[in-house]
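Enquirer: Below are the sequence and a predicted model for it; my questions follow.
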Amino acid sequence: MADNVKSIFLRKRITYITLVIWFCTSAVFGQVEIERVQALMDSSYHYSRYDFTKCIEFIDSSLSFSSYDQKSYFEDLSHYYYGVCNHRHGFYEEAIKQFDVGIARFTANNDSTILSDLFYQKSLVFRQQSDYKQFLENINKSLALAKAIDYSRNIGLCNNAKLIHYKERKMYDQAEVCGIKSLTIFKTIKDSSSLGDVYNNLGVLMFAQNKFDQALEYHLLQHDLNIRLDNVWGQGYSHSKLASVYVKQKKYTLAKSHIEDALQITRKIGTPYELSGALLRSAQLNSKIGNYPKAIKDIHESMALSKKFEQLNSYAEGLEELIDIHKKQNLVDSALMYTDLLMQVKDDVLNQTIGKQLSELEVKFETQKKDKEILELKYEDDLNEARILRQRIIIGSSLLGLSLLGFLFFRLSGKNQKIEHQNKVISVALNEKEMLLKEVHHRVKNNLQVISSLLGIQSRSIKDEKAKEAIRDSRSRVHSMSLIHQNLYQKDNLSGIDMNDYLPKLCNSLFDTYNINGDQISLKTDIQQLKLDVETVIPIGLIVNELITNALKYAFPDDRPGEISVKFSEGDHVLNLIVSDNGVGLKNEQMENKKGGFGHKLIKAFRNKLDANIILENRGGTYVELTIKKYKRISGPV
């Protein structure tokens, strides 16, 4: 009996020890397994820039090692890594598909950290495709999630991405603010890899503003960091950027050394976007030193990659470089052909993105506007209901009245908060619409400049001087309209033109067009600070263009010195425009002959549009005064 008791006790003790050993072993090996799976996924991220096949293999392997308990989580997480790999190798549709599956899974799990990562990566795909509306929507979602949980790394990444977006829109001040925020965050958390990306993007920003010394400083910091981190892909990218800066500084030997290293690295690791950029930098260098055959070869290879992977901006940049090379060699027909192709590409981008985005935003804005109106009507009904209740409460007991008033105050406060939220939503929509309108004005300005370039190229093959002069006059008219759209996308007010800024620029550009020395013929302006709408400014600009052009061409023969004066003001509900010179003036028969000219007909047509009276006299030179009755002022004096 005693032996049986001892035996039972011994078996129980052995069972207990076995269970403890099994539990500890399972915990240790379970943790090792999780670390192993995560390491495989991290390896896939590393290879995502270099080797598509290896990247996918590492993700597949990580899932095969996952235990039953962890498999579901890692399957969800795998969509992030599949998406990154497809994006970096140009498979954009599949990348978006993978990110959307991941977003659905982690929304259900309420995991804000991974959701922020997924929205960030998804936004980069849309930026690559020039879909700026989708880029902004996704980057703002990522940033909001990151701020809510104080996710510093993603706050830095989102600001870095916005830096590039604002740079491409030529909103340089906003871009620099985002860059400095990002730089501060990555220095604080000591994220060297992301810090290198910010150095690169700030260098690109300085380059876009022709601040080449500052651009060089940032790209050297980026390059040194890539070398210290043994970041081969990053070195290829920074070599390419350094080459661009050295070309601008005319340090061609240094530029050639860096571009050769960039091409060697990007060809070896096989990243299409970076190789396309390095080839374009190589072409720019060879164009500068006159090696046109090599430059053209590199451009065509770069454009082939851009077309294959739908990088429209890079493709357009290659076309612009081809146009420049053919213009340098006076190959007019080729330059015209590539110019026509460039216009088609820009029109495609405009039609596929801006037009679609504007219409979508318009519908969204109108819907939100109606929702706000309905909310305001409901708010009014609630106020009326509150008045009736208050009257009933006054009749009742004071205690009950106070309670009900407190209840009503709580309800009204909640409704005010809803209205405030709707106003914020509408404000965001309006800001996005304003950004897209700026993009439209930017594209219109670019297309007008392309037209001007076409006229310039065409004039080279024309021998007749009168025909050449007519084309030059047409180019100046196109330029006067281009300046209007340039002012609109560079200013905060998208509907008004500051005349004190626009008219002097227009006059000075005409002096440049006709190669007028300021010491020979001076320009005197007295322009009141007024903001007028575009419909008013276009005819005024074309009229001033004609009058200044005529003065420069005819008022000062035989290199005679003189002065041209432009005055513009508002008074008694009319605009007064005076353009005069102290040149030789016009004789009566010349005035009659001018009435049959195209310029005079143009002035007459726009005079009627503006409902203007015109005075043309000799007052020690030609004196022209217009009194404009029909116009629209956006605001009073600035």
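Expert: The structure has been received and is ready for your questions.

Enquirer: avg pLDDT for the helix or strand D340 falls within?
Expert: Per DSSP states H and E: D340 is located in helix 332-349. For helix 332-349, the mean pLDDT works out to 76.

Enquirer: Tell me which residues of that helix come out buried.
Expert: Judged by neighbour count (16 or more other Cβ atoms under 10 Å), helix 332-349 contains these buried residues: S334, A335, L336, Y338, T339, L342, M343, V345, K346, V349. (Each C-beta comes from the backbone N, C-alpha and C, glycine too.)

Enquirer: Relative to N517, which of the residues you listed is nearest.
Expert: N517 has its nearest neighbour among the buried residues of helix 332-349 in A335, at 30.4 Å by Cβ to Cβ.

Enquirer: Distance check, the closest one against S287.
Expert: 14 Å (Cβ to Cβ, to the nearest Å).

Enquirer: For the protein, which segments count as strands?
Expert: Counting by DSSP state E, one finds strands in the chain at the ranges 496-498, 521-527, 531-533, 562-571, 574-581, 612-618, 622-628, 633-635.

Enquirer: any chance of these in a markdown table, with mean neighbour count, distance to F58 and mean pLDDT too?
Expert: As requested, those are arranged in a markdown table below (neighbours: other Cβ atoms under 10 Å; distance: least, Cβ to Cβ, whole Å; pLDDT from 0 to 100):
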| stretch | mean neighbour count | distance to F58 | mean pLDDT |
| --- | --- | --- | --- |
| strand 496-498 | 22 | 57 | 82 |
| strand 521-527 | 15 | 66 | 92 |
| strand 531-533 | 19 | 59 | 86 |
| strand 562-571 | 17 | 68 | 93 |
| strand 574-581 | 20 | 70 | 93 |
| strand 612-618 | 14 | 73 | 89 |
| strand 622-628 | 21 | 71 | 92 |
| strand 633-635 | 14 | 59 | 77 |
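
Enquirer: Same list, these, but as a markdown table with distance to I56 please.
Expert: Putting the strands of the chain into a markdown table (distance: least, Cβ to Cβ, whole Å) gives the following:
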| stretch | distance to I56 |
| --- | --- |
| strand 496-498 | 54 |
| strand 521-527 | 64 |
| strand 531-533 | 56 |
| strand 562-571 | 66 |
| strand 574-581 | 67 |
| strand 612-618 | 70 |
| strand 622-628 | 68 |
| strand 633-635 | 57 |
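
Enquirer: which stretch among the ones you listed comes nearest I419?
Expert: Among these, strand 633-635 sits nearest to I419 (Cβ to Cβ), with 28.2 Å.

Enquirer: hang on, the earlier thing: what helices or strands is the helix holding D340 leaning on?
Expert: helix 312-328, helix 398-460 (3 or more Cβ pairs under 8 Å, 6 or more residues apart in numbering; DSSP states H and E).

Enquirer: The residue lying closest to E301 once chain neighbours are set aside: neighbouring residues, count only.
Expert: In this structure, E301 finds its nearest non-sequential neighbour in L279, 5.3 Å apart by Cβ to Cβ, 6 or more residues apart in numbering. For L279, the count of nearby residues is 28 (other Cβ atoms under 10 Å).

Enquirer: N330 now?
Expert: Neighbours of N330 (other Cβ under 10 Å): 11.

Enquirer: Pull up the gap between it and Y338, please.
Expert: 14 Å.

Enquirer: Equivalent analysis for N291, please.
Expert: Separation of N291 from Y338 (Cβ to Cβ): 19 Å.

Enquirer: How about K250?
Expert: From K250 to Y338 the distance is 26 Å (Cβ to Cβ).

Enquirer: picking up where we left off before, which stretch in the helices and strands packed on helix 332-349 has the least confidence?
Expert: It's helix 398-460: among the helices and strands packed on helix 332-349, that one has the lowest mean pLDDT, namely a mean of 64.

Enquirer: sorry, back to before: correct me, but the residue nearest to E301 touches D298?
Expert: Yes - contact between L279 and D298 holds when scored by Cβ atoms under 8 Å: they sit 4.6 Å apart.

Enquirer: quick one, what contacts K609?
Expert: Counting by Cβ atoms under 8 Å, 6 or more residues apart in numbering, K609 touches P539, K630.

Enquirer: Residue ranges in the stretch 201-350 of the chain under the pLDDT threshold?
Expert: Residue ranges of the stretch 201-350 of the chain with pLDDT under 70: 270-271, 347-350.

Enquirer: in it, which spans are helices?
Expert: Ranges of helices within the stretch 201-350 of the chain are 212-228, 232-248, 252-269, 272-288, 292-308, 312-328, 332-349, based on DSSP state H, counting those that start in this stretch.

Enquirer: Kindly export the fifth one (C-alpha atoms) in CSV.
Expert: I take that to be helix 292-308. These are the backbone C-alpha positions of helix 292-308, laid out as CSV (Å, rounded to 0.1, in the frame of the first residue of the first chain):
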residue,chain,number,x,y,z
TYR,A,292,25.2,64.5,-79.0
PRO,A,293,25.2,60.9,-80.3
LYS,A,294,25.9,59.5,-76.8
ALA,A,295,23.4,61.9,-75.2
ILE,A,296,20.6,60.9,-77.7
LYS,A,297,21.4,57.1,-77.1
ASP,A,298,21.1,57.6,-73.3
ILE,A,299,17.9,59.6,-73.6
HIS,A,300,16.2,56.9,-75.7
GLU,A,301,17.2,54.2,-73.2
SER,A,302,15.9,56.3,-70.3
MET,A,303,12.6,57.0,-72.1
ALA,A,304,12.1,53.3,-72.9
LEU,A,305,12.3,52.5,-69.2
SER,A,306,10.0,55.4,-68.3
LYS,A,307,7.4,54.3,-70.9
LYS,A,308,7.6,50.7,-69.8
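
Enquirer: All set, thanks.
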